[in-house]
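Q: coords please:
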Amino acid sequence: MVTNKLKELEAAKAKISQLEKSIANEMAQELAALPVKFGFGSVQAFLKAVKAASRGGRKTAKGAKRTRAVITPAIKAKVKELVAAGKTGGQIAKEVRISVPSVQNIKKELGLVKAKAKK
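A: I've put the predicted structure just below:
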């Protein structure tokens, strides 16, 4: 009886080993097909794109890391001028090349934002 159980165990181990090899082969084929699936001509180009995507951080169109905007008095004056012209925060941010929250901070600093009503 124990001998039969040992034989079943060995057969199961052999089947597991065979399944592992089969899975490894299928995975290798799927991985090899990924570059073509995503429109890359070579594995190297695909890997380069994956590495660039995994670095994180904000990137410009050229791939360089973005730097923090320095808010100068000239930028603040430009924001004030654009607010007076009736531009929205998003339009101002795009024109001055700063973030919308930076525009809000400048407007708040210049007293151009209404205070919230207290409840």
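Q: hmm, residue 40 and residue 49 touching each other?
A: Yes: the criterion here is CB atoms under 8 Å, and residue 49 meets it with residue 40 at 6.8 Å. For glycine as for every other residue, the C-beta is placed from the backbone atoms N, C-alpha and C.
Q: next one, pLDDT for residue 50 please.
A: pLDDT for residue 50: 84.
Q: secondary structure element for it?
A: Residue 50 belongs to helix 43-54 when assigned by DSSP states H and E.
Q: just the buried positions in that helix, please.
A: Buried positions in helix 43-54, judged by neighbour count with 16 or more other CB atoms under 10 Å: residue 46.
Q: packing partners of the next helix or strand after that helix?
A: Scanning forward in sequence from helix 43-54 by DSSP H and E, the next helix or strand is helix 73-84. Using 3 or more CB pairs under 8 Å, 6 or more residues apart in numbering; DSSP states H and E, the elements in contact with helix 73-84 are helix 89-96, helix 100-109.
Q: can you list the buried residues in helix 73-84?
A: Buried, per 16+ other CB under 10 Å, within helix 73-84: 75-76, 78-80, 82-83.
Q: quick one: mean pLDDT for that helix?
A: The average pLDDT within helix 73-84 is 94.
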